[in-house]
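Undergrad: predicted model, plus sequence, below.
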Amino acid sequence: MIDRIRRTSLLMAAAGLLAACGDSSMPSDKTAPFVGVWTVARGLQVAMCPPLQPLEFDLTGLSQTMVKGSDADLEMTLQIDKMSGSTCRLKLDVTGSEARIRPGQMCTFTVMLPGSTNPIMVTGTLMSGNFTVSGTTATFSYAGTAAFGPASCTFSAMGTSGRGAPDGGAPASADAASGS
C-alpha cells in the first residue's frame, strides 16, 4: 500500500514537472510563426479620395517581410507598389497568432496611380491593422489616411498571404518554402 502511494505520488510529481515545462512542440519564441518572407496571394487596397472615384490597387504578388524587432515584437517591410518598388517599415506586437500594427506609424513612398505614367509621392499614416498566421498562410488587413498634393484620402486593404518569396508573382508552395 505504501509503495503504491509512493508510485502514485512520483507519477503525479513527474506529470506536474512535464506540465510545467510546457509542450515542446510549441515554439518558445512567439515571433517564430511570423518571421520570414510572405507573398500576397490575393489582396486589394482601396483609397477614397473625394471628389475622385475610389482608387483600387491590386496587392497580389507584393512581399511582406517579417523580422524580429528591436523595440517591437516584429518589424514588417511592406512592399507598397510593384512599379516603384516602394516599401514601408512597420512595427507590430504579437499576441498568439495575431500581430497588430502599432497605430500612428507614418510612411512616405511613391506609387503609380492607375492610368498614370508618373509616380506620385504619398505620405500614409496607419491607424489599425493586423496580420494573422495559420501555418503557412496568413490573413491581413490595415487602414489609415494618406495625402498627396492637396488630396486627402482614407484607405483600407485586406487579403491573404502565403509563406515564401514571390516566384512569378505567386506565393511559393509550402514544399518549396521548406526546402523539400
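TA: Sure, I can see it.
Undergrad: show me what the helix or strand in which residue 152 is found is in contact with.
TA: Per DSSP states H and E: residue 152 is located in strand 151-163. Strand 151-163 is contacted by residues 36-49, 52, 55, 57, 59-60, 64, 124, 131, 136-147, 171-172, 174, 177 when judged by CB atoms under 8 Å, 6 or more residues apart in numbering. (Glycine included, C-beta is placed from N, CA and C.)
Undergrad: buried only: go through those residues for me.
TA: By neighbour count, with 16 or more other CB atoms under 10 Å, the contacts of strand 151-163 hold 37-41, 43, 45, 47, 49, 55, 57, 59-60, 64, 124, 131, 136, 138-140, 142-144, 146, 171-172, 177 as buried.
Undergrad: which of the contacts of strand 151-163 fall in strands?
TA: Applying DSSP state E to the contacts of strand 151-163, the entries found in strands are 36-48, 55, 57, 64, 124, 131, 137-147.
Undergrad: residues contacting the residue most central in space within the chain?
TA: In the chain, the residue lying closest to the centroid (CA atoms, centre = their mean) is residue 131, at 3.9 Å. Residue 131 makes contact with 34, 64, 66, 76, 92, 98, 99, 101, 138, 139, 140, 161, according to CB under 8 Å, 6+ apart.
Undergrad: now swap in residue 88 and tell me
TA: Applying CB under 8 Å, 6+ apart, we find residue 88 in contact with 77, 78, 80, 107, 109, 124.
Undergrad: 6 Å instead?
TA: By CB atoms under 6 Å, 6 or more residues apart in numbering, the contact list for residue 88 reads 78, 80, 107, 109.
Undergrad: could you find the closest non-adjacent residue to the second one?
TA: Among residues not flanking residue 80 along the chain, residue 86 sits closest, at 4.2 Å (CB to CB, 6 or more residues apart in numbering).
Undergrad: is that neighbour in contact with residue 107, as I believe?
TA: No - using CB atoms under 6 Å, residue 86 is not in contact with residue 107; the gap is 8.4 Å.
Undergrad: the helix or strand in which residue 78 is found pairs with which strands?
TA: For residue 78, the host element (DSSP H and E) is strand 74-79. Within its sheet, and counting by DSSP bridges, strand 74-79 is paired with strand 63-68 (antiparallel), strand 87-95 (antiparallel).
Undergrad: and the shortest one, what's buried?
TA: Residues of strand 63-68 classed as buried by neighbour count (16+ other CB under 10 Å): 63, 64, 65, 66.
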